[in-house]
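Chemist: have a look at this prediction, sequence included:
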Amino acid sequence: MDTILRVENLKMYYHTSKGAVKAIDNLNFDLKVGETLGLVGESGCGKTSLGTSLLRMPTPPGRYESGRIILDGKDIIPMSEREIRKDIRWEKISMVFQGAMNCLTPVYTIGRQMLETLKEHREMEDSYATELIKEYLGLVGLPAEVMGRYPHEMSGGMKQRVVIATALFLKPSVVILDEPTTALDVIVQAQIINLLKKLKQTFNLSFIFITHDLALEAEISDRLCVMYAGKIAELGTNEQIFGPAAAGRGANHPYTEKLLASTPRLHRKVEKLSYIEGTPPDLISPPNGCRFNPRCHRVMERCRNEEPPLREIEAGHFSSCWLNDEGR
Amino acid sequence: MEDHTDIILRVENLKKHFEPHQSIAQAIAGQKKRKLVRAVDGVSFEIRRGEIFGLIGESGSGKTTAGKLVMKLIPQTSGRMFFDGEDVTSLGKAELIAYRRKVQMIFQDPYASMNPRFKIRDVLEEPLIIHKIKASRDEREAMIVQALTEVKMTPPQDFMGRWPHMLSGGQRQRVSTARTLILNPKMLVADEPVSMIDLSTRAEILHMMKDVQRDLGLTYLYITHDLSTTRYFTDRIAVMYLGRIVEMGRADDIIDHPLHPYTRALIDAVPEPESGKVHVVKELPISGEIPSPAHIPPGCRFHTRCPYAKPECSSLPEPELEDVGMGHFHACRRYKEL
Amino acid sequence: MNLKDTRRALLEFWNEFRKDTSGLIGLGILALFVLVVIFEPVILPWKDVNRKWRNIDYWIDNSPAAPPAWTNLFAAEKKAVTTQLRAPGKAESDMDGGVGKILTLTFPYRFTADKAPLDLIFRATITGDVPMTFSVQRPDGTGIELVSHFEPGLANQGIRVTLNNEANATTFAFVKDYVSEADLSSLNSGSLEPVTLIFAKGEPTMASKPMALKGDYKLIVKAMLIDPATAVIADPHFVVSGAVSGVLGTDDMKRDIFSGLVAGIKWALLIGLMTSAISVFVGVLYGITSAYYGGVVDSAMQFIYQIVNSMPLLPVLIVVSAIFKPSIWFIVLVMVLFFWTGSVMTVRSMALQIKEETYVEAARALGAKNSRIIFRHMMPILIPYSFASMALSVPSAIVYESTVSLLGLGDATIVTWGQILHDAMAGGAVLNGVWWWIIPPGLSIAITGMTFAFLGFAMDKILHPKLQTR
C-alpha cells in the first residue's frame, strides 16, 4: 500500500506565559492509502492538537518546533498559507471538527452553508454546485430536501452527516475525524460508523479517527496509535492492540492495557471495572523518564529515569515501554 | 422482595406533556397551536430500597424529563408518585423542601452544576443553608469534611478552598456527589453522571458512587444512554422509547436476553473493544432516527423503525408492559414470534 | 476569608482597569470631583452660595457680568479685580473733651490696574451710635475726605456705604482743583463717578480721560465710639468691586459663577449616581424576575416594560415639573421611573441564559427558594454588568436634570449646572457675549458625562468578557 501521509519527528508546542506546553513531542507515524488510523488517548494527551497540526493550522499559540508532515510526497510545513489554502487544506486533507455539527450557523439553510463552503474553494456555477451538494448529501444518506432545512430542524445524526459531506466535497485523500460521534446516541453512532466505512471503500479514503473510546476504534480503525502526554505509547494493528479474535496477547503498553480494562463491556459481566488513577501530566514540565510512570501499575526504577523509545516489538507493532526489555 | 415496604419509589402512569409556547401575538394572529410534545407518556415503575435502577434511552426518549419529574423540578401532567409510602404527587412548599432533602440529584455536567463563583466549601455549604440546618460553623465544617471524605476527596481541607475550575472532571463529580450526600438523602437521581468524564476515569466515579451507595444504603435512579455501564452499575433497568418504557427487568436479563426489538437494536449498536470488526459493516436491526415526541406514531410507537413490524402493530392500540416472569417486562406484541 | 477574596477580585479588576487609558482619565476626573465636593467649604469663594444663590442682597457688592479675573492676562487695559480688604490697621485715640473714643481703621489697597474699580463698598456690623467718616490717602500724597455716615441706634446691624453713590460731592470738590475749565463745565456732582476719580491721576483731563494713578492707597475710616463701653464695630471690611471678578466671573445678577459651579458638582454627582444606581438596581431586579419566572409573569412584565420604555421622558418630566414645582428628589424619582428600563432587556436576556445553567437547576434540586436563587446565584453574576450600565446611565441623568432646569423647571432651592445655564439663556448671555456664563456649566456637564462614560466603557470591557467566559 502506498503511504499518503507521513509524519516525521513532529514537534508542536504551545507557547504560553507559563512555558512551552509540549502538546506534540516527537511523533512519527504514517498513514496508508485507504487506511483508517485510530488516535486514542485521554483528554489533554494531544489528539486534537495533532489533528489541527496535520491541517497546517495549529491553534495559537501553537508553533511547529521541528519535523515534517509529508502529504502526498510534499512537506506541508514550509508551504505558504496561500499554497496550503489553494492545494492542501480541504483539497487533500480535511477535518470533521469536534462538535462541528453544533457550529452550523442557525440562520442559514444547510444548502446555503454547504454552497458557501464549496464556493470558497472552487469557482463554480450555482446550479452545478447544487447538483454536487445533492450528490454528496445522497452519499451520506440524506435526502436532497435537507438543503432547504435549518440546523434546528435536524437531529444530531443528520447534522453530523452534513458535516461529513462538507468534509468530503473536494475529494480529499485524508479526512481527520475528531470525536465525530461523541455527542450522538449509540444507534446513531453505529449508523455513522457504518457510513464512514462505506465512504472509505467508495472513495478509497484514508481516515484519521480521533476518539477517547477504544471500543469505537475497534470498530473502525485498521491501525491504532495510542497517545499519552504528546507521545506515542503504542502503535499497532487492530489485532495487535485488541488481540486476535481468538484471544492472544494484545496490547503491549501498560497504558493501553489500562485503557482497555477501563472500557466498559456490555457482554461480559465484570465485578469491578478498573480505571487509571490520577490525571494526565502537565505538559509544561512532564515527568522524567517514561511520562506514564506516575500512573503506571507496573512501574520500575528505570521508568522514572530513562525515557523508553518507541520500538518495534513485532512486525508493525511499536511500543515504548521498558517492560519489553524485562521479558515481561 | 415482594414486600410493599421494600418499594421506595413508585411511579404510576406518569405523564409530562409540554405545551408549545405561543406568544400573545401568535394567539391574536390566530395561528394554530403546534402539537403537544409528549415527552413522558405514561411511565410506571417501582424502585426498591437500596437498589440501582437504570433508566436507559436515546436523546428524545424522555428519560431526562422522567428524572426531573421524579426530582419534582417540573410538575407532571398526570400520574401519581409515591415515595417511601407517601403520596408525593402534589406537594406544598414545605413538603417539597422536605422531599428535596430525601431525594437529591447529580447532574451530567458537574462543572456546570456548580456556581462558578462558589468555592468548594460554599458549594457544599449551600444545601445546609438552604435547609436551615442550624449548626455551628465548626459543625458545618465537620459535615463538609465528612461528605468530602465519603467521596474520597482526601484530605478534604485541601479541596475546600478551591474553585470548581481548579478540579479535574472526576473530582468535580465527586464534589457534586458530596453535595447531595451532605443532607443524608434516601435516594439519588443521577442524570448521566459520567458521560462528560473521560473513559479512563469513568469507572473510578462509578466505583465511588457504588461504594457510597453501599455504605450509606442509598437508592439510585441512574439515567443514561450508555448501556455499557449499566451492566456493571445497575441492578435493574428500564428501556425508554419516545416517552414510554418498552422493556424493564434485571440488567443481566435484559442485556443477555432482550425481548423488545428496540432493546436489541440498542444492545447491538454498542461497540465492544474487540478486534475483527473493521471490515464488517455492522447489521443494525433498526433504521432511521427517533421521531419527534410531538409526532408520536399511532399504535406501537416503535413500529416505524421496527424491522418486525406488522400492520397490526400500527392499527391495534399500544401494547402495555407485560410480565414474562422473573420481573422481566416488555411491551412488544410479537415477542413470542421473534 | 471572604474579605480576602473580595480584595483579590478587586486587585484583579484594578490590574485590568489601569491598562485602560480612558478609564483612568475618567477615574482621575471623578476623583477630582469628589475631592472638590469634600473640600467645598474651603474652595468656595462665596461660602453661603448653597443657601443664598437666589438672594440678591448676598451678591449685591459684586459687579454684574464681570469677566473672570484672569482675562486681565490677555487684556491690554488691566481692570481692577474684585477683592475684599480685611484686617485693617487699627488705632484708638481719645475724643477731644468727652468719654468717647476715635477708632481709626486703615485699609491699605495696592492699585495696579489700568482701570479703576467700579465701586468701593464699606461693610461692618455695628452696635450703638457710631458716626463714621471715610477718607482716602492717595499714593501722590493727596487725600480726600470722602463722606461721613451715621445711623443712630444700631443693634448688631449691618451697614453698607458705597462710595460711588455717596462720595459725589466731596469728590467733585477734590476734582475741581485739577480739572480744566472745559471739563469742569461738563461735570456735575450728580453724574461723576467718584471711585473712578479717586483712582485717577490728578491732572486737568482727569474727568474726561481719567488715567489710573497706580500705587498704594489707604482707605481710612474714622469711627467715633460715643459710648466705647457698648459700641462695637464687627467685621469691618471694604469690598473693591472690580470690573473683573473671581475665577469664572459673575453673571447678570452679580453671582459668582465659580461658586455656583463648585456648588453644582455635588448635585450633578448625586443626581447622576442616585438616579442610575436606583434605576439600575430596579432594572436588574426587574429583568431577573421577569426572566426567572417566565410565562405569564414575563409577558406581563415585558408589557409594562414596553409601555414605560416607549414613553418619552422629557415631556413627562416637563409636565410633572411644571405642575408640582418639584424638588431635586422628585426629579430623581421621576427619572428613576423612566431610567430603570435601560438595563432590563440586557439583564433579562442574560438572566434567561443563567436561568438555564445547570447550577441554577442544581440549586432548585437542593431545595433553594426562588429568592435565594435570584439573589445568591443570579444577582452576583449580573452585578458587574450593572456597574458598567450604571456608569453609562449617569451622564443622561445629569443631562436630563440640566434640560429640565434649562427650561426653568428645576429645583429652586439648590444650584445646578442646568440652572446656571438656564439663567444664562434667560439673561441673553449669548447675545451679550457673556461666554463665561455659558461655557463653564456646559463644559462641566459634558465632562461629567464623559467621565462616567469613560468609566462605564472601561468597566464594560473588563467585566463583560469575564462574564461570558466565566
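Modeler: Yep, it's here. Numbering: from 1, shown residues only, chains lettered A, B, ... in the order given.
Chemist: for chain A, give me its nearest residue in chain C.
Modeler: residue C:15 (14.3 Å; C-beta to the nearest C-beta). C-beta: built from backbone N, CA, C; applies to glycine.
Chemist: need the contact list for that residue.
Modeler: By C-beta atoms under 8 Å, 6 or more residues apart in numbering or on different chains, residue C:15 lies in contact with nothing.
Chemist: wait, a strand at it?
Modeler: No. Looking at residue C:15 with DSSP: H, G, I helix; E, B strand; the rest coil, it is helix, so not inside a strand.
Chemist: measure it to residue A:168 for me?
Modeler: 48 Å (C-beta to C-beta, to the nearest Å).
Chemist: next, work out how far apart residue B:17 and chain A are.
Modeler: Plainly put, residue B:17 is 21 Å away from chain A if you go by C-beta to the nearest C-beta, to the nearest Å.
Chemist: please name the bridge partners of that residue.
Modeler: Listed by DSSP bridges, the beta-bridge partners for residue B:17 are residue B:38.
Chemist: return the residues of the stretch 301-450 of chain C in contact with chain B.
Modeler: Residues of the stretch 301-450 of chain C that fall close to chain B, judged by C-beta under 8 Å from any C-beta of the partner chain: C:357-359, C:361-369, C:372, C:377, C:380-381.
Chemist: now with 10 Å, please.
Modeler: With C-beta under 10 Å from any C-beta of the partner chain as the criterion, the stretch 301-450 of chain C meets chain B at residues C:302-303, C:354, C:356-369, C:372-373, C:376-378, C:380-381.
Chemist: mind giving me the PyMOL command for buried ones among those?
Modeler: The buried subset of these, as determined by 16 or more other C-beta atoms under 10 Å in any protein chain shown, is captured in PyMOL by this line:
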select buried, chain C and resi 302+354+357+358+359+360+361+362+363+364+365+366+367+368+372+373+376+377+378+381
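Chemist: in contact with the residue lying closest to residue C:454 once chain neighbours are set aside, which residues?
Modeler: Closest residue to residue C:454 apart from its sequence neighbours, by C-beta to C-beta, 6 or more residues apart in numbering or on different chains: residue C:26 at 3.0 Å. Counting by C-beta atoms under 10 Å, 6 or more residues apart in numbering or on different chains, residue C:26 touches C:20, C:391, C:447, C:450-459.
Chemist: same check, this time on residue C:237
Modeler: C:84, C:85, C:86, C:87, C:88, C:105, C:107, C:121, C:122, C:123, C:124.
Chemist: go through stretch C:437-455 and flag the buried ones.
Modeler: C:437-438, C:440-442, C:444-445, C:447-449, C:451-455.
Chemist: actually, stretch C:207-218.
Modeler: Neighbour-count burial for stretch C:207-218 flags C:207, C:210, C:212, C:213, C:217, C:218 (criterion: 16+ other C-beta under 10 Å).
Chemist: quote the end-to-end distance of it.
Modeler: Distance across stretch C:207-218, first residue to last, is 22 Å (C-alpha to C-alpha, to the nearest Å).
Chemist: longest helix anywhere in chain C?
Modeler: Longest helix in chain C by number of residues (criterion: DSSP state H): helix C:257-293.
Chemist: quick one, the next helix or strand after it and helix C:257-293 angle?
Modeler: Once the chain leaves helix C:257-293, the next helix or strand it forms, by DSSP states H and E, is helix C:295-310. Relative orientation of helix C:295-310 and helix C:257-293, computed by axes from the mean of the first three to the mean of the last three C-alpha atoms, to 10 degrees: 160 degrees.
Chemist: what is the rounded mean pLDDT of the helix or strand just after helix C:295-310?
Modeler: Moving toward the C-terminus from helix C:295-310, the next helix or strand (DSSP H and E) is helix C:313-324. Averaged over helix C:313-324, pLDDT sits at 81.
Chemist: could you export the helix or strand following helix C:313-324 as CSV, CA atoms only?
Modeler: On the C-terminal side of helix C:313-324, the closest following helix or strand by DSSP H and E is helix C:328-339. Extracted C-alpha coordinates of helix C:328-339, given in CSV (Å, rounded to 0.1, in the frame of the first residue of the first chain):
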residue,chain,number,x,y,z
ILE,C,328,-34.5,67.6,43.2
TRP,C,329,-35.6,64.3,44.9
PHE,C,330,-38.8,64.4,42.9
ILE,C,331,-36.9,64.9,39.7
VAL,C,332,-34.7,62.0,40.6
LEU,C,333,-37.7,59.9,41.3
VAL,C,334,-39.4,60.7,38.0
MET,C,335,-36.1,59.9,36.2
VAL,C,336,-35.8,56.6,38.0
LEU,C,337,-39.4,55.8,36.9
PHE,C,338,-38.1,56.0,33.3
PHE,C,339,-34.5,55.1,33.6
